[in-house]
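Undergrad: Show me the folded form of this:
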Amino acid sequence: MATDAVSGLGGKYSTTTSDLKLTSDEVSREDFLQLLIAQIQHQDPLNPMENQEFVAELATFSSLEQQTNQTELLEQILAAQNGTSTSQALSLIGQDVVAAVDTFNYQSGDTPTFLFQATSTGEAVVNITSSSGTVVRTETLQINNTGNHVYEFDGLGEYGNELASGEYTISIGSPINEDGESLDYDVYLTGQVSEVQFQEGLPVLMVGNQTVYLSDVKSVRYRDEADEAV
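TA: Numbering: from 1, shown residues only. From the prediction side, this is the model:
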């Protein structure tokens, strides 16, 4: 019967090919243990494996065992987190969310709605910028009181033309004053969650045509509460 010489585990020994079969280039803890047992069984009685070599191999096996356990634990943690994220995402269907999203995917007929918090009265300037960096719409709002304000984008460009479908970014702030300063307000996308999609196994919310990650959601309101707020 043919034999294979196995080395690299402290000493050389021979074992039959039918005793041990490895189906992967990576040695698992079971494979390692089989190799160690086979090495002890088939070592040369006149030149046995020294204690230091045996202890070193046991240490290697212990390290492999710990790595395997850690990997299994991480996989369990990730699976639990993914399950929790999925449950959270599904529970938001039909609810209104406010998310830290200022870049949006415009499609013809869309009216994406944004919230911003004005910290001063007077004028506020809205800029809509295309993905190429071109400002395609500028609008001035009159702010009579500080606090939360709603801005609904109608999809029109600077001259009243409907913008082409694509990715745009919105910014809202005060005009530049005589000191050359302006205030930039935080802008949030708001709307009803219509569905949950999965990207690379992770749940994402769909608010209109906008993709919203759970990590970007800042607040959630039931539909009746949202209607009363508006």
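
Undergrad: which residue sits closest to Thr138 in space, ignoring its chain neighbours?
TA: Distance criterion Cβ to Cβ, 6 or more residues apart in numbering; nearest residue to Thr138, sequence neighbours excluded, is Asn127 at 5.6 Å. Any C-beta I mention is one placed from the backbone N, CA and C, and that applies to glycine too.

Undergrad: just checking, that neighbour touches Thr134?
TA: No. Counting by Cβ atoms under 8 Å, Asn127 does not reach Thr134; the two are 10.6 Å apart.

Undergrad: This structure - how does it break down into domains?
TA: 3-89, 96-229 (automatic domain parsing).

Undergrad: tell me, which of those domains is the model least confident about?
TA: The weakest mean pLDDT among the domains of the chain belongs to domain 3-89, with a mean of 57.

Undergrad: so where do the helices sit in this structure?
TA: Taking DSSP state H, the helices of the chain run over residues 29-42, 51-91, 223-229.

Undergrad: Thr140: what's it in contact with?
TA: Glu123, Ala124, Val125, Val126, Pro175 (Cβ atoms under 8 Å, 6 or more residues apart in numbering).

Undergrad: cutoff 6 Å now
TA: Going by Cβ atoms under 6 Å, 6 or more residues apart in numbering, Thr140 touches Glu123, Val125.

Undergrad: what lines up beside the longest strand anywhere in the chain in the sheet?
TA: With secondary structure taken from DSSP state E, the chain has its longest strand at strand 187-199. Note on strand 187-199: by DSSP bridges, its sheet partners are strand 96-99 (antiparallel), strand 113-118 (antiparallel), strand 202-207 (antiparallel).
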